[in-house]
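Undergrad: Can you look at this prediction? I've put the sequence above it.
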Amino acid sequence: KGTEFLWVVDPLDGSTNYSIRNPFFDISIALAHRTPAGWDVISGVVYAPFTKEVFFAERGEGAFLNGEQIAVSKESELSRLLLVYCSGYTEREILRAIRLFSSLKPVCRDFNRMRAGALELAFVACGRLGAYISPGGKPWDAAAGSLLVEEAGGRVTDFQGNPWTVEGEERDILATNRVVHEKLLELVKKVK
């Protein structure tokens, strides 16, 4: 309490992948600054050791992959959109993820689980994926990635359309290329 800055670190995002020698894992570090409205992520980095990809963003300065500026996809059709999701950890979150999957899978190109939230958000930021959805995700899984998406031109909210924040134990998150955000948000709001 009383501190101005907060480090949000996930030293091994995608630990299950790492444990089974799946190379889709990363290290995620974010720095948040306390404002009157709450914590604002101001800097973030996601490093994928296996591919040697470094995703970096600083508030107001854009998002970068290995030094080159990146941008979210421009895909506007849900039927051509690639989405990824995290199922959460509790029984309630897992059941919500199943309902999200059954609602969204029929309307998009594909809806997968890759098991490394920060890296999945980085993939949204660089246009490889169109959206990331997680019911009840942990803040350390999304802090750096959420800034990457925003700085690459995307949009990040909770499932009600409010700005996403690192505050709290678990937070719903919808991160998109901005173009499809309202369409997906409308579908997500219908899932209880």
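TA: Sure thing, it's come through.
Undergrad: For the spatially most central residue of the chain, what are phi and psi?
TA: Among the residues of the chain, the one closest to the centroid is Leu121, at 3.6 Å (CA atoms, centre = their mean). Main-chain torsions, Leu121, degrees, to the nearest 10: phi -60, psi -40.
Undergrad: contacting residues around the nearest residue to Asn112 once chain neighbours are set aside?
TA: The shortest distance from Asn112 to any non-neighbouring residue, by CB to CB, 6 or more residues apart in numbering, is to Val84 (5.4 Å). Using the backbone N, CA and C atoms, a C-beta is placed for each residue, glycine as well. By CB atoms under 8 Å, 6 or more residues apart in numbering, Val84 lies in contact with 111-114, 120, 123-124, 129, 131-133.
Undergrad: Val84: helix or strand, and which one exactly?
TA: Here Val84 is covered by strand 82-85, with elements defined by DSSP states H and E.
Undergrad: With only the CA atoms kept, save that strand in PDB.
TA: Extracted in PDB, the C-alpha atoms of strand 82-85 (Å, rounded to 0.1, in the frame of the first residue of the first chain):
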ATOM      1  CA  LEU A  82      -8.800 -17.100 -35.300                       C
ATOM      2  CA  LEU A  83      -9.600 -17.000 -31.600                       C
ATOM      3  CA  VAL A  84      -7.800 -18.400 -28.600                       C
ATOM      4  CA  TYR A  85      -9.000 -18.900 -25.000                       C
END
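Undergrad: and it, what's its mean pLDDT?
TA: If you average the pLDDT over strand 82-85, you get 94.
Undergrad: buried sites along that strand?
TA: For strand 82-85, burial by neighbour count (16 or more other CB atoms under 10 Å) applies to 82-85.
Undergrad: Now whichever helix or strand comes after that strand - C-alpha only, PDB.
TA: Using DSSP H and E, the helix or strand that follows strand 82-85 in sequence is helix 91-104. Listed next in PDB are the C-alpha coordinates belonging to helix 91-104 (Å, rounded to 0.1, in the frame of the first residue of the first chain):
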ATOM      1  CA  GLU A  91     -14.800 -25.300 -12.000                       C
ATOM      2  CA  ARG A  92     -17.000 -22.200 -12.600                       C
ATOM      3  CA  GLU A  93     -14.500 -20.700 -15.000                       C
ATOM      4  CA  ILE A  94     -14.000 -24.000 -16.800                       C
ATOM      5  CA  LEU A  95     -17.700 -24.300 -17.300                       C
ATOM      6  CA  ARG A  96     -17.900 -20.700 -18.500                       C
ATOM      7  CA  ALA A  97     -15.100 -21.500 -21.000                       C
ATOM      8  CA  ILE A  98     -17.000 -24.500 -22.300                       C
ATOM      9  CA  ARG A  99     -20.100 -22.400 -22.800                       C
ATOM     10  CA  LEU A 100     -18.000 -19.700 -24.600                       C
ATOM     11  CA  PHE A 101     -16.500 -22.400 -26.800                       C
ATOM     12  CA  SER A 102     -19.800 -23.800 -27.800                       C
ATOM     13  CA  SER A 103     -21.200 -20.300 -28.500                       C
ATOM     14  CA  LEU A 104     -18.200 -18.900 -30.400                       C
END
